[in-house]
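A.B. asks: give me the fold of what follows.
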Amino acid sequence: MSLGGVRDEAEIRGHRRTYVGSMPGKIIQNLSKAKSKNPLFMLDEVDKMSMDFRGDPSSALLEVLDPEQNHRFGDHYMEVSFDLSEVMFIATANTLNIPPPLLDRMEVIRISGYTEEEKLEIANRYLIPKQKKYNGLKPGEAHMTARVIKDIITFYTREAGVRNLEREISKIYRKVVKDLVLSKSTEKNRITVRNLEKYLGVKQFRRNEVHQESKIGQVQGLAWTSFGGELLSIEAVVMPGKGQHASTGKLGDVMKESISAAISVVRSRSRNWGIKADFHQQQDIHVHVPEGATPKDGPSAGIGMCVAIVSALTGIAARSDVAMTGEITLRGEVLPVGGLKEKLLAAHRAGINLVIIPQENEKDLQDVSEKVRKEIEIHPVKWIDQVVDYALERMPVPLSDDQSAEGELTEQEGDRMGHSVTAH
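C.D. replies: Reported below is the predicted structural model:
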């Protein structure tokens with residue numbers, strides 16, 4: 001039962017008999033078709049409902065889905081109560097943009113997108129045989145290797161499901177059929193990595209790959225999107241200035257706040273990391289997340305921001321084969337994040353050797369395949385000091401008492417000069 005675009009309450013409750021062409025609601029109609037009192041109902045696209053002057057169908061669904069009320073469901077056409085307590089309802093949605101009272105009557109089950117390996121199996125077992133049949137290809141007339149399918153997944157689709165993957169496979173087979181008809185050849189058409197662009201054109205997306213060289217101020221973060229996990233490059237530069245900091249890359253409010261929190265953490269631990277105490281008065285900090293046209297938000301890049309700033313201030317390069325995810329607090333504690341499975345798969349695809357995760361996310365590793373856990377070194381951490389230890393090529397040398405005092409003295413002199421100038 002599709003609810004996409006439904007905006008009439010009568011679709012759920014039915015019409016009153018006084019109207020011409022009145023009929024029962026979709027619930028009663030489908031029960032009549034099923035000829036069963038306890039069928040399984042699939043309410044598809046429940047987040048796409050809307051409302052207008054004819055009523056609000058989401059409010060009508062409250063009675064349908066509430067186990068305390070649905071044993072006496074009232075359909076306007078039938079004018080008698082009907083027991084829906086034995087019916088099992090499953091609703092699907094792309095987002096949780098659902099009215100809170102309706103969401104409260106459901107148990108939310110989050111289903112993550114397919115991994116690359118799962119898409120490969122779906123393509124081999126289902127999509128390729130289906131498209132061969134639809135396009136009239138006989139066995140042996142076209143052959144597509146696993147490497148080609150992986151390239152289609154990586155360079156021509158970016159999605160959580162397989163709808164676009166099926167569309168690209170269909171496009172290839174249509175062109176194969178055209179070639180067979182025009183050439184009247186009986187030779188097998190082999191689709192390879194080399195001739196893939198002949199069928200699908202230039203690559204639409206690029207693969208997130210690790211930089212071969214470790215760089216100062218550049219850190220690999222991990223992001224979770226609706227398309228799965230992705231590698232997120234974080235850059236930081238330090239330049240002479242007046243202590244201002246800027247952030248670019250179409251960042252959301254939460255990510256901007258993470259940068260502010262990271263700078264405060266660096267200031268509070270500056271002595272331990274060999275950074276002068278007055279760096280925030282004499283240097284400007286700029287944090288940038290590339291692919292500026294893509295909106296980015298969320299707190300999980302907090303430790304990545306902090307390490308990038310420390311690397312830029314100390315001049316110590318951050319390891320290019322290390323990726324990290326985790327929210328940071330002002331005390332330097334690393335808090336848990338979501339989407340760990342997808343993030344680790346993205347790191348595995350990109351060739352990352354070591355991933356730093358929050359200690360509280362260690363329990364989520366059981367959802368990650370054994371192959372990924374064996375091939376990637378995973379380090380759960382509790383504090384930012386551990387992150388810096390793993391992420392930088394070498395640990396910064398802490399400032400001595402004399403160097404620390406010198407920095408504080410310089411700061412005090414600067415304050416006195418500032419006051420004298422103001423008074424004058």
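
A.B. asks: where do the domain boundaries of the protein fall?
C.D. replies: Listed domain ranges for the chain are 10-103, 116-200, 218-391 (source: automatic domain parsing).

A.B. asks: most tightly packed of those?
C.D. replies: Stretch with highest mean neighbour count among those: domain 218-391 (a mean of 19; mean count of other CB atoms under 10 Å). No exception for glycine: its C-beta is placed from N, CA and C like everyone else's.

A.B. asks: tell me the average confidence for that domain?
C.D. replies: On average, the pLDDT along domain 218-391 is 89.

A.B. asks: read off the pLDDT value for Val46.
C.D. replies: 88.

A.B. asks: out of everything not next to it in sequence, what's closest to it?
C.D. replies: Nearest residue to Val46, sequence neighbours excluded (CB to CB, 6 or more residues apart in numbering): Ala91, at 4.2 Å.

A.B. asks: dump the domains of the chain to a markdown table, plus distance to Val397.
C.D. replies: Shown next, in a markdown table, are these (distance: least, CB to CB, whole Å):
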| stretch | distance to Val397 |
| --- | --- |
| domain 10-103 | 48 |
| domain 116-200 | 42 |
| domain 218-391 | 5 |
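
A.B. asks: what's the closest of those to Pro398?
C.D. replies: Nearest to Pro398 among these is domain 218-391 (5.1 Å), distances taken as CB to CB.

A.B. asks: show the end-to-end separation of that closest one, please.
C.D. replies: 11 Å (CA to CA, to the nearest Å).

A.B. asks: how far does that domain sit from the chain's center?
C.D. replies: Distance of domain 218-391 from its chain centroid, counting by CA atoms, centre = their mean, to the nearest Å, is 16 Å.

A.B. asks: all strands of the stretch 301-424 of the chain, in order?
C.D. replies: 322-324, 327-328, 334-335, 354-358, 377-381 (DSSP state E, counting those that start in this stretch).

A.B. asks: dump these into TSV; add distance to Leu65 as well.
C.D. replies: TSV is the format used below for those (distance: least, CB to CB, whole Å):
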stretch	distance to Leu65
strand 322-324	41
strand 327-328	34
strand 334-335	34
strand 354-358	35
strand 377-381	39
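
A.B. asks: follow-up on the earlier one: was I right to think the residue nearest to Val46 contacts Glu107?
C.D. replies: No. Taking contacts as CB atoms under 8 Å, Ala91 lies outside contact range of Glu107: 10.1 Å.

A.B. asks: can you give me the pLDDT of Ser420?
C.D. replies: Per the predicted model, pLDDT is 37 at Ser420.

A.B. asks: again with the one 3 residues further on
C.D. replies: Taken from the predicted model, the pLDDT recorded for Ala423 is 36.

A.B. asks: try Ser112
C.D. replies: pLDDT, read off for Ser112, is 74.

A.B. asks: ok, now which ones touch the closest residue in space to Leu251 that isn't next to it in sequence?
C.D. replies: The shortest distance from Leu251 to any non-neighbouring residue, by CB to CB, 6+ apart, is to Lys296 (5.6 Å). Residues near Lys296 by CB atoms under 8 Å, 6 or more residues apart in numbering: 223, 232, 249-252, 255, 289.

A.B. asks: can you show me the strands along the stretch 101-250 of the chain?
C.D. replies: Using DSSP E, counting those that start in this stretch, strands in the stretch 101-250 of the chain cover 142-144, 189-191, 218-225, 228-240, 245-248.
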